[in-house]
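**Student:** Mind looking at a prediction? Sequence and model below.
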Amino acid sequence: MKQTKLLAVGMAALAVSLASPAAAQQFRAADTHADGYPTVEAVEHMGELLSSWTNGRMGIQMFPGRQLGEERDTIEQTIAGVIDINRVNLAPLNGIVPETAIPALPFIFRSTEHMRTVMDGEIGQEIMAAMEEHGMVGLAYYDSGARSFYNSVRPITSPADMDGVRIRVQNSDLFVATMEALGANATPMEFGQVYEALANGVIDGAENNWPSYESTRHFEVANHYTLNQHSLSPEVLVMSKATWDGLSASDQQLVLKAAALSVPVMRDLWDARVDASRAIVEANGNEILYEVDKQPFIDAMAPVYERFAGTPELSDLVERIQAVGAE
Ligand code: GTR
């Protein structure tokens, strides 16, 4: 009897170990976006690559839609080693890693091509390297399109129209300063709270790219969208330094390779999603201002550059970015 029981326990243990080998490492990954969003799908793709290369020894368990918290919480958890992989925008990292504010600066990039060339090159690597002393290892940059203003009050045609409009921003002093330089009232708030705040009139508007404006349904409660494209602040995929340090050098290389291969996948998904989101918003009859004179917005940004790129190192970074040749 005793032996049968022992045998049963042994068989059960064997079954468990066959189903999930003891050495298997499922990285816990966070994303504020819902299932199906391009960033979520790209990280899932990265997990499939890792899993197929290692016969399931490494993989990714994705927690989309803020299941692990809002971006600021997930960043803290990533630094603490509770979350292994996190896909966030650069903006909420601005207060932790000052270098991340530079690619988030208003109007720093001339185009998506310019942004990709900079972030995929030496400068992007330098900014990732700066994350390490803060407990994160940069794996890849993803696109985030262009952030533009939307609100429920009036069409924004020039900075004068921003006067007194209450605009939600990410948790970033840079974004607060950007809105204030335009005369708006900036309200930092987590992404998941914006819909309700717009619907209740706690804020008048926010700023984001086409897919975020659409996927959050903000477009249903903030009708005016002006494509002023003030920020191309990219998305970044980071790994907790604590997790990274626990990997062998060869596993680290696999993680980097899988992340790099997820970038073109993300960008294709992104381009398609921008078109789909735009079509949904247009069909809803929103008032969209496609052409806007950006110069007055650009001119208002001098104090923002002074404050966030004021040190010789950071202003040098700005100049190097501006000097990178791309369309
Ligand atoms: C989105 C971005 C998210 C988050 C969000 C926000 O464009 O993908 O990571 O930063 O904006 O505005 O909070």
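**Tutor:** Structure's in. What do you need? Numbering: from 1, shown residues only.

**Student:** Tell me where the stretch 51-200 of the chain has strands.
**Tutor:** Assigned by DSSP state E, counting those that start in this stretch, the strands in the stretch 51-200 of the chain fall at 58-63, 85-89, 136-142, 147-151, 166-169, 185-188.

**Student:** For those strands, could you give me CSV that also reports distance to residue 271, mean neighbour count and mean pLDDT?
**Tutor:** In short, each C-beta sits where N, CA and C put it, glycine included. What follows is those, written out as CSV (distance: least, Cβ to Cβ, whole Å; neighbours: other Cβ atoms under 10 Å; pLDDT from 0 to 100):
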stretch, distance to residue 271, mean neighbour count, mean pLDDT
strand 58-63, 22, 19, 98
strand 85-89, 18, 26, 98
strand 136-142, 12, 23, 98
strand 147-151, 17, 25, 98
strand 166-169, 26, 23, 98
strand 185-188, 30, 17, 98
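
**Student:** Serialize the ones you listed to CSV and add fields for distance to residue 221.
**Tutor:** Formatted as CSV, the strands of the stretch 51-200 of the chain follow (distance: least, Cβ to Cβ, whole Å):
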stretch, distance to residue 221
strand 58-63, 27
strand 85-89, 22
strand 136-142, 27
strand 147-151, 10
strand 166-169, 12
strand 185-188, 15
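
**Student:** which one of those lies closest to the ligand?
**Tutor:** Evaluated with Cβ to the nearest ligand atom, these place strand 85-89 nearest to the ligand, the distance being 3.3 Å.

**Student:** what about the chain, any weak spots by pLDDT?
**Tutor:** For the chain, applying pLDDT under 70 flags the ranges 1-23, 327.

**Student:** Quick check, central residue of it?
**Tutor:** Compute the mean C-alpha point of the chain, and by Cα atoms, centre = their mean the closest residue is residue 89, 2.5 Å away.

**Student:** That residue touches residue 233, doesn't it?
**Tutor:** Yes. Counting by Cβ atoms under 8 Å, residue 89 does reach residue 233; the two are 5.9 Å apart.

**Student:** shared neighbours of these two, anything?
**Tutor:** Residues touching both residue 89 and residue 233 (Cβ atoms under 8 Å, 6 or more residues apart in numbering): 104, 144.

**Student:** Nearest to residue 40, out of the strands of the stretch 51-200 of the chain?
**Tutor:** Residue 40 sits nearest to strand 58-63 of all the strands of the stretch 51-200 of the chain, at 6.3 Å, using Cβ to Cβ.

**Student:** strands paired with the closest one, and their directions?
**Tutor:** According to DSSP bridges, strand 58-63 forms sheet pairs with strand 25-31 (parallel).

**Student:** Compute the inter-axis angle for the strand it pairs with and strand 85-89.
**Tutor:** Angle of strand 25-31 versus strand 85-89, following axes from the mean of the first three to the mean of the last three Cα atoms, to 10 degrees, is 20 degrees.

**Student:** mind checking how far strand 25-31 is from the chain centre?
**Tutor:** In terms of Cα atoms, centre = their mean, to the nearest Å, the centre of strand 25-31 is set 16 Å apart from its chain centre.

**Student:** That one and the ligand, are they touching?
**Tutor:** No. Strand 25-31 does not reach the ligand (Cβ under 6 Å from any ligand atom); its nearest approach is 7.6 Å.
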